[in-house]
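S.K.: Build me a structure from this.
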Amino acid sequence: MNFIKEIVDRYKGYYYSSVVLQRFAKVLSLDVLVRASNLFLLPVYLKLMTQEEFGLFGYFLSIISVFSTILNFGLYLAQAKLYHDYNAEEKKSFVFTINVMLIAFLSITVLPIYLLRLDYSIIPVIFSHPVKYELYRDGMFLAIVVTVLSFMLYNFLMTSENIRKFQVFNFIKLVTVNSVIIYLLSTSKSDSVMIRLKYSYIIELFIFVGFSSLYIKHMKPNFNFAYAKKALVIGIPAMASAMISVIYTLNDRVILEKYGNFADLGIYNFGVTYAAILMVIFSSFQSVYLPRFFQEKDVKKNFHKTKKIISKMGLILAAIGVVLFIILEIVFTLGIINIKYQPVMYILPVLLVVQIAQASQQLLSNYVIYFEMVYIGTLFSIGSSILNIGLNLIFIPKLNFIGAAFSSLIISLISLIFYYYFVRYKCLGKMAEQP
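M.R.: Numbers count the residues shown, from 1 in each chain. As a prediction, this is how the structure comes out:
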């Protein structure tokens, strides 16, 4: 008993002596509530949607995710990297400058595409099977724009370390979006994919507008070209990397949809969504850790912390992954989720390892921004995307969604190894330069 008490006391000491851990616990408590609620609600959505509808909706979410990342123009990274370089008044001008740029860039890209219907040219590339795109089009554009704006607000709340406002923002979104969408799916005979796409993001837009005053009051209407230039130096390479990542992020779904069907996509998306709880936990930590990571100018101290975090984080996420696997097995045994989704158990262990590898890689990729070498991420994305397409074209026609999972695992491990040795090389070089 004394031994156990000593271990508990030691970790309590770690917690109370670390500002990052305390902030992480506050953020994680709500993030887990949000994601756990979505996890508990997953059987509800699986029941209210057919397997094909669930697969199609997950496919749309992947498209929204990659295009919203591109159309942020890397400005969220500039916000996180540069915010703490300025004093209180300069910060207000900086936040105003990058948001004016964001709105201007969004306007000159999204509006022409929507009005000239240029998006129809890529639909045959993305979809091999017939899809009622006209029904979903408005919801897709709304989702992309709202995701971009909401993420900038989310990133600002984390960067400025306004944890309480972040918690309220997430909680309101959790309650309102899920309650309204479940009600509409239960009572409406309209297309369920359209309902989730359109009304989820209408609600999110209203929530964003309600919270936008928090953002606006930290702005000073003074456009500064020097701040804009600094932001673009970080943002443009990040956007280029995001454009290339479209291929990496979507090619498994595109190839799986071509050689399989939306039901196969439903199983694959279910597995990816369920395994992503590990990335959610990491993302909560990343959101809290990133501002302090960029504030620390001692490379040796940062690199030491990073290695320590990766080793401990890997063990913790692996333990959580085992628990998640057991829970899902019990859920299928009890018949809570339709047996048609049970083949996901073949790929779940692989997808969980993929999430752990990607979390570790993201922690290391922070150094690309830290050393202002975002182009390295772009160049590596090109190589990994080409390799990923090749692996998927080999594995998916033969193994279906199992092939997609193993392709992701191979690429994730290669990426992790590359980033580790690249960061190690750069950090050792910087350490040698420091007095």
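S.K.: what's the neighbour count on residue 399?
M.R.: Residue 399 has 15 neighbouring residues, counting by other C-beta atoms under 10 Å. All C-beta atoms are positioned from the backbone trio N, CA, C, and that covers glycine.
S.K.: So it is in contact with residue 406, correct?
M.R.: Yes - using C-beta atoms under 8 Å, residue 399 is in contact with residue 406, at 7.3 Å.
S.K.: so residue 266 sits right up against residue 338, yeah?
M.R.: No - Residue 266 is not in contact with residue 338 according to C-beta under 8 Å; the separation is 10.1 Å.
S.K.: what touches both of the two?
M.R.: Listed contacts common to residue 266 and residue 338 are residue 51; contacts here mean C-beta atoms under 8 Å, 6 or more residues apart in numbering.
S.K.: Give me the more crowded residue out of those two.
M.R.: When residue 266 and residue 338 are compared for neighbours, residue 266 comes out ahead with 26 against 13, by other C-beta under 10 Å.
S.K.: what about the more buried one, which helix or strand?
M.R.: Using DSSP states H and E, residue 266 maps to helix 262-275.
S.K.: just checking, next helix/strand downstream of the helix or strand hosting residue 172?
M.R.: Assigned by DSSP H and E, residue 172 belongs to helix 163-187. Later in the chain than helix 163-187, the nearest helix or strand by DSSP H and E is helix 192-216.
S.K.: what ranges do the helices span in the stretch 301-435 of the chain?
M.R.: Taking DSSP state H, counting those that start in this stretch to define them, one finds helices in the stretch 301-435 of the chain at 344-370, 374-399, 401-433.
S.K.: what's the average pLDDT for the first one?
M.R.: If I follow you right, that is helix 344-370. The pLDDT scores in helix 344-370 average 88.
S.K.: what's it packed up against?
M.R.: In terms of contacts (3 or more C-beta pairs under 8 Å, 6 or more residues apart in numbering; DSSP states H and E), helix 344-370 is packed against helix 75-82, helix 262-275, helix 277-295, helix 299-333, helix 374-399, helix 401-433.
S.K.: Residue 355: which of those helices is closest?
M.R.: helix 277-295 (4.0 Å; C-beta to C-beta).
S.K.: who touches stretch 256-266?
M.R.: Stretch 256-266 is contacted from outside by 51-56, 58-59, 127-129, 253, 268, 340-341, 392, 396-397, 400-401, 404, using C-beta under 8 Å, 6+ apart.
S.K.: Correction: the previous question concerned stretch 337-354.
M.R.: Stretch 337-354 is touched from outside by 42-43, 46-47, 51, 263, 266-268, 270-272, 274-275, 278, 321, 324-325, 328-329, 331-332, 401-402, 404-406, 408-409, 412, with contacts defined as C-beta under 8 Å, 6+ apart.
S.K.: Of those residues, just the buried ones, ChimeraX syntax please.
M.R.: Per 16 or more other C-beta atoms under 10 Å, the buried members of the contacts of stretch 337-354 correspond to this ChimeraX selection:
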select :42,46,51,263,266,267,268,270,271,272,274,275,278,321,324,325,328,331,401,402,404,405,406,408,409,412
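S.K.: On the three-state scheme, the closest residue to residue 266 other than its chain neighbours is what?
M.R.: Closest residue to residue 266 apart from its sequence neighbours, by C-beta to C-beta, 6 or more residues apart in numbering: residue 55 at 3.2 Å. Here residue 55 is recorded as helix under DSSP: H, G, I helix; E, B strand; the rest coil.
S.K.: burial count for residue 55?
M.R.: 26.
S.K.: same thing with residue 364?
M.R.: Residue 364 has 21 neighbouring residues, counting by other C-beta under 10 Å.
S.K.: State the distance from it to residue 283.
M.R.: Relative to residue 283, residue 364 is positioned 15 Å away (C-beta to C-beta, to the nearest Å).
S.K.: And residue 260, by the same measure?
M.R.: Using C-beta to C-beta, residue 260 is found at 29 Å from residue 283.
S.K.: same thing with residue 349?
M.R.: When residue 349 is compared with residue 283 (using C-beta to C-beta), they lie 21 Å apart.
S.K.: How about residue 317?
M.R.: 12 Å.
S.K.: more neighbours, these two?
M.R.: Shown here are residue 317 and residue 283; by other C-beta under 10 Å, residue 317 has more neighbours (23 against 17).
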